[in-house]
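Participant: here is the input, now give the coordinates:
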Amino acid sequence: MLDRLSVPRRPFDFEDYIDILRRNIRWIVAPAFAGLVLSTVVAFFLPDTFMSQALVRIVPQQINPNMVQSVTSQDLADRISGMAQTIESRDNLTSLITKYGLYKSELKREPMEDVVNEMKKAIEIRPTAGIAGGSLPALQVSFKYNDRNVAQRVCQDLVTTLMNEGAQGTLEAQSAAQQYFQAEVKQAQKDLSDIEQKLTQFRMKNAGRLPDEVQLNMNQVNNLENRLGSLGEASNRNTQERMMLETQFNIAKERLNAIKDGAPQRNERLMELDRTIQNLQTQIAQMKQRYTPDFPDLQTAEQQLGLYQRQRDEVAHQAATRSDIDSTEDNSTLARERLEAQAQIKGLQVQLDANKMDAKQIKTEVAATNAALKNYESRLESAPIGEQEYTELMRDHNLAKQRYDKAQLDLQKAVISMDLQQRKQGETLELLDSASLPATPTAPKRQMIIPLGLFAGLILGLVLVVMRELKDTSLKNLKDARLYTQLSILGSIPLLENDLVVQRRKQIMWVGWATAALAGLAIMGLSVARYYIHKA
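Facilitator: Below you'll find the predicted structure:
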């Protein structure tokens, strides 16, 4: 027994496969026919699903984005996703279900939440290829339902909602951006005002001692020192002028006294020397105003002045000691000389008074300049105080000013972008194809379901045949008997049965097959008839 079971099967040849097919033809045909019937029933019992489609094009901004930039950062994919989420929201889909009376049978056995989820699966919003090969995509909106008219109306409603949501969403985004930048401008302006107020208070408190005023203070100190030098030179000139005027005044007084005493005054040489000395003193005073003390002409004039003064003293001394003074001078000439001497004295007195006033003014200016110089020097000494605080205030002020300027620029861009959107010159949605009225259903795909059912039944039949043959270990023909028994076959006796029994068995088999075939065909026919009756 064990040796017999361990004998391997012989390889099948073509005749064996023909015998297997002839013996098991019913096991192949029956499942294939059953699969055909079942797939036909399923295909025609499933309700038709119609898909209505619409196409929406995204129109780009009409003005060059380099000139007017959008202030929103959402790209196209994010905007489409946001609009799709709004359209597929529970409230929107619930209102559509109620408005068009959708999914009535489903609502009887399922809650609204499940029906809404089922409707979401029937809606599809996706970008398609660019129009005419362009780079900007279009949006394809589709809706599937078992009624083509309802599918068209719902799809049109979805497109309208999508376009309204696109325009409204863009306006809301632009408005939100504008409000944000307005708040940023107000906050930046407030911060800048606070920093400026602190900076103003610091400047008022430390006026003249600010770090950025150090150079100015040094310049003022230099200017005041130069001013002191100029005032010193002016004081020296004033002193020299006063000495010259006093000398001339004393000479004029001596002359007047001599005239009053009746002394002879007709010394022409003395008068000539007096005029020469006076002219030289005037020239020296003028040159001192224009030149430095080491100027050669000024030194020469001073030497000549000393020489003439010595000569005048000698002549005056000789005139005073002369005993042969002409006493017969004309009285009218004395009177005229007296008047000239008095007029000269008055003029010199006026010049001396003016010189004193100039000296007083110079002294006052020197005192004021010294006081200002001390003030600026004290500022320079205390300038480093508060330098770090002032630097921080200036840095905060610059940062606040930059932030305010940037916020102003961003707000201006937001206002322009908002105006562009309101004028319909920004990125908009344009309806290219309105919702279509589908002529044929998109599902179920009966031309695929029925062949697949037939093929699946055929595969099942082949599997059953293989399983039957593997389980059947009986000898099928002379080849099996000759191989497995290792005996010589001399002859074979055919199986003899009653012809009546064989004929009845064949009749029963054909009746069964005919009945099954008719039943299957009837079932398929009823399914097809039911479909077209309900469709009509």
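Participant: which residues touch the lengthiest strand in the chain?
Facilitator: The residue-count maximum for a strand in the chain (DSSP state E) belongs to strand 50-59. Strand 50-59 has contacts (C-beta atoms under 8 Å, 6 or more residues apart in numbering) with 76, 128, 131, 136-148, 151-152, 154-156, 158-159, 162-163, 427-438, 441-442. (Each C-beta comes from the backbone N, C-alpha and C, glycine too.)
Participant: what bridges to the closest residue to Ser434 other than its chain neighbours?
Facilitator: In this structure, Ser434 finds its nearest non-sequential neighbour in Ala54, 5.8 Å apart by C-beta to C-beta, 6 or more residues apart in numbering. For Ala54, the beta-bridge partners are Val141 (DSSP bridges).
Participant: count the residues that sit near Ala54.
Facilitator: 22 (other C-beta atoms under 10 Å).
Participant: with Lys108 instead?
Facilitator: Other residues close to Lys108 by other C-beta under 10 Å number 7.
Participant: same check, this time on the one 10 residues further on
Facilitator: Each residue near Glu118 was counted by other C-beta under 10 Å, and the total is 14.
Participant: quick one, what contacts it?
Facilitator: Glu118 neighbours (C-beta under 8 Å, 6+ apart): Tyr103, Glu106, Glu110.
Participant: double-check that it belongs to a strand.
Facilitator: No. Applying DSSP: H, G, I helix; E, B strand; the rest coil, one finds Glu118 to be helix, outside a strand.
Participant: ok, it to Lys144 distance?
Facilitator: 10 Å (C-beta to C-beta, to the nearest Å).
Participant: ok so, going back, just the buried residues of the contacts of strand 50-59.
Facilitator: Neighbour-count burial (16 or more other C-beta atoms under 10 Å) applied to the contacts of strand 50-59 gives 137-148, 151-152, 154-156, 158-159, 162-163, 427-429, 431, 435-436, 438, 441.
Participant: tell me where the stretch 301-450 of the chain has helices.
Facilitator: 331-382, 387-422, 446-471 (DSSP state H, counting those that start in this stretch).
Participant: kindly state the domain boundaries assigned to this protein.
Facilitator: 2-46+444-500, 50-186+410-433, 267-324 (automatic domain parsing).
Participant: turn those into a markdown table, including distance to Ala368.
Facilitator: Converted to a markdown table, these look like this (distance: least, C-beta to C-beta, whole Å):
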| stretch | distance to Ala368 |
| --- | --- |
| domain 2-46+444-500 | 109 |
| domain 50-186+410-433 | 49 |
| domain 267-324 | 22 |
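Participant: those into TSV, with extra columns for mean pLDDT and distance to Arg395?
Facilitator: Shown next, in TSV, are the domains of the chain (pLDDT from 0 to 100; distance: least, C-beta to C-beta, whole Å):
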stretch	mean pLDDT	distance to Arg395
domain 2-46+444-500	79	73
domain 50-186+410-433	77	21
domain 267-324	73	50
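Participant: in strands, which of the contacts of strand 50-59 appear?
Facilitator: 138-145, 428-433.
Participant: any idea how far stretch 362-373 is from the chain center?
Facilitator: 59 Å (C-alpha atoms, centre = their mean, to the nearest Å).
Participant: could you give me the average pLDDT of that stretch?
Facilitator: Taken as a whole, stretch 362-373 has an average pLDDT of 85.
Participant: list the buried ones in that stretch?
Facilitator: Buried-residue list, stretch 362-373, by 16+ other C-beta under 10 Å: Ile362, Glu365, Val366, Thr369, Ala372, Leu373.
Participant: with stretch 285-304 instead?
Facilitator: Those buried within stretch 285-304 under the rule 16+ other C-beta under 10 Å are Met287, Lys288, Leu298, Ala301, Glu302.
Participant: which of the residues you listed sits closest to Met357?
Facilitator: Nearest to Met357, judged by C-beta to C-beta, of the buried residues of stretch 285-304 is Lys288 at 19.5 Å.
Participant: correct me, but Ile450 touches Ser39?
Facilitator: Yes. Assessed by C-beta atoms under 8 Å, Ile450 is found in contact with Ser39 at 4.9 Å.
Participant: can you point me to the longest helix in the protein?
Facilitator: helix 148-205 (DSSP state H).
Participant: now do it: which elements does it pack against?
Facilitator: strand 50-59, helix 76-87, helix 90-100, strand 123-127, strand 138-145, helix 387-422, strand 428-433 (3 or more C-beta pairs under 8 Å, 6 or more residues apart in numbering; DSSP states H and E).
Participant: after it, next one along is what?
Facilitator: Sequence order places helix 214-260 as the next helix or strand after helix 148-205, per DSSP states H and E.
Participant: ok, residues contacting the helix or strand that comes right after that next one?
Facilitator: Toward the C-terminus, helix 214-260 is succeeded by helix 268-290 as the next helix or strand (DSSP H and E). Contacts to helix 268-290, defined as C-beta under 8 Å, 6+ apart, come from residues 236-237, 240-241, 244, 247-248, 251, 295, 297-298, 301-302, 304-305, 308-309, 311-312, 315-316, 319.
Participant: ok, back up a step: taking strand 138-145 as reference, get the angle to the longest helix of the chain.
Facilitator: 130 degrees (axes from the mean of the first three to the mean of the last three C-alpha atoms, to 10 degrees).
Participant: and the angle from helix 148-205 to helix 387-422?
Facilitator: Going by the same axes, to 10 degrees, helix 148-205 makes 150 degrees with helix 387-422.
Participant: could you check the angle helix 148-205 makes with helix 90-100?
Facilitator: Going by the same axes, to 10 degrees, helix 148-205 makes 150 degrees with helix 90-100.
Participant: hmm, back to that, pick the one among the ones in strands among the contacts of strand 50-59 closest to Glu196.
Facilitator: In terms of C-beta to C-beta, no member of the ones in strands among the contacts of strand 50-59 lies closer to Glu196 than Thr428, at 44.0 Å.
Participant: give the bridge partners for the closest one, please.
Facilitator: Per DSSP bridges, the residues bridged to Thr428 are Val59.
Participant: Leu102 is in contact with Cys145, correct?
Facilitator: Just so we're on the same page, residue 145 is Tyr rather than Cys. Yes. Taking contacts as C-beta under 8 Å, Tyr145 lies within contact range of Leu102: 6.9 Å.
Participant: quick check: neighbours shared by those two?
Facilitator: In contact with both Tyr145 and Leu102: Val154, using C-beta under 8 Å, 6+ apart.
Participant: give me the contact list for stretch 222-229.
Facilitator: Glu365, Val366, Thr369, Asn370, Ala372, Leu373, Tyr376.
Participant: nearest to Arg22, of these?
Facilitator: Set against Arg22, the nearest of these by C-beta to C-beta is Tyr376 (129.0 Å).
Participant: surely the closest one and Asn219 touch.
Facilitator: No. The criterion here is C-beta under 8 Å, and Tyr376 misses it with Asn219 at 9.3 Å.
Participant: of these two, which one has the most company?
Facilitator: Using other C-beta under 10 Å, the more surrounded residue of Tyr376 and Asn219 is Tyr376, with 20 against 12.
Participant: neighbours of the residue lying closest to Leu348 once chain neighbours are set aside, how many?
Facilitator: Spatial nearest neighbour of Leu348, excluding adjacent residues (C-beta to C-beta, 6+ apart): Phe249 at 4.4 Å. Per other C-beta under 10 Å, the neighbour tally for Phe249 reads 18.
Participant: quick one: list the elements packing against the helix or strand harbouring Ala517.
Facilitator: If you go by DSSP H and E, Ala517 is part of helix 499-535. When contacts are defined as 3+ C-beta pairs under 8 Å, 6+ apart, helix 499-535 packs onto helix 25-45.
Participant: residues touching the helix it packs on, excluding its own?
Facilitator: 21, 444, 446, 449-458, 460-462, 464-465, 468, 513, 516-517, 520, 523-524, 527-528, 530-531.
Participant: list buried residues within the residues you listed.
Facilitator: Applying a neighbour-count criterion of 16+ other C-beta under 10 Å, the buried members of the contacts of helix 25-45 are 444, 446, 449-450, 453-454, 456-458, 460-461, 465, 520, 524, 527, 531.
Participant: got JSON lines for the ones in strands among the contacts of strand 50-59, with distance to Leu273 too?
Facilitator: Shown next, in JSON lines, are the ones in strands among the contacts of strand 50-59 (distance: C-beta to C-beta, whole Å):
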{"residue": "Ala138", "distance to Leu273": "119"}
{"residue": "Leu139", "distance to Leu273": "119"}
{"residue": "Gln140", "distance to Leu273": "124"}
{"residue": "Val141", "distance to Leu273": "124"}
{"residue": "Ser142", "distance to Leu273": "129"}
{"residue": "Phe143", "distance to Leu273": "131"}
{"residue": "Lys144", "distance to Leu273": "135"}
{"residue": "Tyr145", "distance to Leu273": "137"}
{"residue": "Thr428", "distance to Leu273": "110"}
{"residue": "Leu429", "distance to Leu273": "114"}
{"residue": "Glu430", "distance to Leu273": "115"}
{"residue": "Leu431", "distance to Leu273": "120"}
{"residue": "Leu432", "distance to Leu273": "121"}
{"residue": "Asp433", "distance to Leu273": "125"}
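Participant: thanks a lot, catch you later.
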